[in-house]
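**Student:** Dropping a prediction and its sequence here:
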Amino acid sequence: MEKMQEILSNEGGTPVFNTYAVEIGGRLWDAIYDYMWEHRPDGNNDLTYMIEGIYEEGTQKFAILQDRKDLTYYRLDFSLIETDGFKPADSLVKVSLDFKPAGSPAQFALEDVKAYEEKFMERKVEKSEDNVIVE
């Protein structure tokens, strides 16, 4: 009985994470990729992170990003506000993937993500080359 009360009161109960409905190439997906582009180290033309999944816990929406080099995971909390659109948190928080249900299929097909990234990088590199001032 005590265990049930603990879970029902959410004091120490297992958090419930719901997969957030988003499409590759949709507005939210683009906003998260723009965030990753703007926060890449040294302004190089490589993305540091890739999206592992986009989730919701209660009313808090967040993306789990994976570092491409050391494969560590980070949580990016964000809000979606009609007037401001995508509003990311000030920083990423390093996390483990303890919440991921065992045996669940990947949220996004890797081939679709790779195809999107190729087009995204082409656009960003072209845009940055267009903005180069030659003296």
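**Tutor:** That came in fine, so what should we check first? Here the structure is a predicted model, which is why all the values come from computation and not from measurement.
**Student:** And the longest helix anywhere in the chain, how far out from the chain middle?
**Tutor:** In the chain, ranked by residue count with DSSP state H as the criterion, the top helix is helix 110-130. Centroid displacement of helix 110-130 relative to its chain, using Cα atoms, centre = their mean, to the nearest Å, is 17 Å.
**Student:** I'd like to know the average pLDDT value across it.
**Tutor:** Mean pLDDT, computed over helix 110-130, is 82.
**Student:** and it, what does it pack onto?
**Tutor:** helix 27-38, strand 49-57 (3 or more Cβ pairs under 8 Å, 6 or more residues apart in numbering; DSSP states H and E). Heads up, the C-betas are built off the backbone N, CA and C, glycines and all.
**Student:** Please repeat the previous calculation with a cut-off of 6 Å.
**Tutor:** Here helix 110-130 touches no other helix or strand, going by 3 or more Cβ pairs under 6 Å, 6 or more residues apart in numbering; DSSP states H and E.
**Student:** Give me the buried positions along it.
**Tutor:** Residues of helix 110-130 classed as buried: 113, 116, 120, 124 (neighbour count, 16 or more other Cβ atoms under 10 Å).
**Student:** residues in contact with the most centrally placed residue in the chain?
**Tutor:** Central residue of the chain (Cα atoms, centre = their mean): residue 63, 3.1 Å from the mean position. Residue 63 is in contact with 32, 51, 54, 76, counting by Cβ atoms under 6 Å, 6 or more residues apart in numbering.
**Student:** who's it bridged to?
**Tutor:** Beta-bridge pairing of residue 63 under DSSP bridges involves residue 54, residue 76.
**Student:** that older thread, between the contacts of residue 63, which is closest to residue 86?
**Tutor:** Ranked by distance to residue 86 (Cβ to Cβ), those are led by residue 32 at 7.5 Å.
**Student:** What pLDDT is listed against the closest one?
**Tutor:** So residue 32 comes in at 92 (pLDDT).
**Student:** repeat for residue 38
**Tutor:** Per the predicted model, pLDDT is 87 at residue 38.
**Student:** Look up how far residue 110 lies from it.
**Tutor:** For residue 38, the distance to residue 110 (Cβ to Cβ, to the nearest Å) stands at 24 Å.
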